[in-house]
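Undergrad: 3D model of this:
(chains A and B)
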Amino acid sequence: MQIKVNGAPQEIETGLSVTGLLVRNKVEQPDMVSVQLNGEFVQRDRFAATAFQEGDEVDFLYFMGGGR
Amino acid sequence: MPLSEEQLERFSRHIILKDVGVEGQEKILRGKVLIVGAGGLGAPAALYLAAAGVGTIGIVDGDVVDRTNLQRQVIHFTPDIGKAKVISAQEKILQINPGVAVQIHQERLFAHNILDIIRRYDFVIDGTDNFPAKFLINDACVLARKAFSHGGILRFDGQTMTYVPGSACYRCVFLQPPPKDAVPTCAQAGVLGAVAGMLGTIQAAEALKYLIGKGRLLTDRLLIFHALTMEFRTVRFQRNPACPVCGAHPTITGLQDYEQGTCDLRKPR
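TA: Below you'll find the predicted structure:
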């Protein structure tokens, strides 16, 4: 099935969780990303239990701490 | 007080803008903006806000200029190495526009002093380089109902959002500071100097929009760009009911200092 990850279509297998999607997209430090699913933030302790449905829109928002 | 001949001439390219005009320029001249960190983000922000005629610019920084700063912190020049950043910044601001009242705060912000400093300003620009400071600024601005601009940069990436009372805050997106050692620092990871300039000038534009009250601020959205591909993206969001500071059941009702991460360790001079 197809979902949108950071605005781009991505084909994924049914049943894939947020945790699985992070691995699939080679996010090395899941601690460093906030995940928004269809406009709502997914709580970190729900990453493993949250699976996607056709047409879901997912955004990864990364901590960015620099400024100097 | 009507604008002087000198001001009408100096700010003519603002005044000619339909959304600024004399009235908008007068708001800018009455405006008070605090810039936290006279570094990669704070330097370009300070230069543009000074040029724009912001009446009072506060600069918070407890650091001195070193050679590694000069690649991106464009308000500091080579002869400034060793000079306090607030002094170096003040000198350049006054050279661009002697009409600016510069307030220097040669210190770092902590839970015990931040509220007393930010209350003197209309808008705060976060140009800090570490999460304890970014979360502290967010919490203080939310609790004090003060508008601010968040900015973060790393390598070729930048992100920014604006908070005004009632909009989603930084914690709505990032609930807690990340694990202390999880984040590569600017010193470890590097940053393209121009990326700091791109982001700092976006923050300056947000401050000016806030002062003149025109347009749509970057609220309830995070602007993200990647300079290597020069792609910009805006991610929309809403206030997070689980936000610990502005959510339905806030657990943060006062300020606290977080442990400083490695990005904050200064190399000995």
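
Undergrad: Is residue B:218 in contact with residue B:164, as I believe?
TA: No - Residue B:218 is beyond contact range of residue B:164, at 10.1 Å (criterion: Cβ atoms under 8 Å). Quick note: C-beta positions are derived from backbone N, CA and C, even for glycine.

Undergrad: of the two, who's got more company?
TA: Set residue B:218 next to residue B:164 and count neighbours by other Cβ atoms under 10 Å in any protein chain shown: residue B:218 wins out with 21 against 16.

Undergrad: Can you tell me the closest non-neighbouring residue to the more buried one?
TA: Spatial nearest neighbour of residue B:218, excluding adjacent residues (Cβ to Cβ, 6 or more residues apart in numbering or on different chains): residue B:162 at 4.2 Å.

Undergrad: Surely that neighbour touches residue B:146?
TA: No - at 11.8 Å, residue B:162 does not count as touching residue B:146 under the criterion of Cβ under 8 Å.

Undergrad: Compare those two (neighbour count), which wins?
TA: Set residue B:162 next to residue B:146 and count neighbours by other Cβ under 10 Å: residue B:162 wins out with 26 against 20.

Undergrad: In the chain, mark out all the helices, start to finish.
TA: Picking chain A for this. All helices of chain A, identified by DSSP state H, fall at A:18-24.

Undergrad: meant chain B actually
TA: Using DSSP H, the helices of chain B run over residues B:5-10, B:12-15, B:21-30, B:42-52, B:85-96, B:114-118, B:131-143, B:170-173, B:186-189, B:193-212.

Undergrad: Give me every residue in the stretch 101-250 of chain B lying close to chain A.
TA: Within the stretch 101-250 of chain B, the positions adjacent to chain A are B:126-131, B:134, B:151-154, B:157-159, B:172-175, B:178-179, B:182-183, B:185-186, B:189, B:191, B:196, B:222, B:224, B:233, B:235-238, B:240, B:242 by Cβ under 8 Å from any Cβ of the partner chain.

Undergrad: hmm, 6 Å instead?
TA: Residues of the stretch 101-250 of chain B lying near chain A by Cβ under 6 Å from any Cβ of the partner chain: B:127-131, B:151-154, B:159, B:173-174, B:178-179, B:182-183, B:186, B:191, B:235, B:237, B:240.

Undergrad: Narrow these to those that are buried.
TA: Buried members of these, counted by 16 or more other Cβ atoms under 10 Å in any protein chain shown: B:127-131, B:151-154, B:159, B:173-174, B:178, B:183, B:186, B:191, B:235, B:237, B:240.

Undergrad: Which residues lie in contact with residue B:173 in this structure?
TA: Residue B:173 makes contact with A:34, A:61 under the criterion Cβ atoms under 6 Å, 6 or more residues apart in numbering or on different chains.

Undergrad: correct me, but residue B:197 touches residue B:46?
TA: No - Residue B:197 is beyond contact range of residue B:46, at 12.0 Å (criterion: Cβ atoms under 6 Å).

Undergrad: These two: which has the busier surroundings?
TA: Neighbour count, other Cβ under 10 Å: between residue B:197 and residue B:46, residue B:46 has more, with 31 against 22.

Undergrad: which residue packs closest to residue 47, ignoring adjacent ones?
TA: By default, I'm working from chain A. Nearest non-adjacent residue to residue A:47, counting by Cβ to Cβ, 6+ apart: residue A:18, 4.2 Å away.

Undergrad: right idea, wrong chain: chain B
TA: residue B:75 (5.7 Å).

Undergrad: and that neighbour, how far is that from chain A?
TA: Distance of residue B:75 to chain A, given as Cβ to the nearest Cβ, to the nearest Å: 12 Å.

Undergrad: And whichever residue of the stretch 1-150 of chain B sits closest to chain A, how far from residue A:35?
TA: Nearest residue of the stretch 1-150 of chain B to chain A: residue B:39, at 3.1 Å (Cβ to the nearest Cβ). Separation of residue B:39 from residue A:35 (Cβ to Cβ, to the nearest Å): 30 Å.
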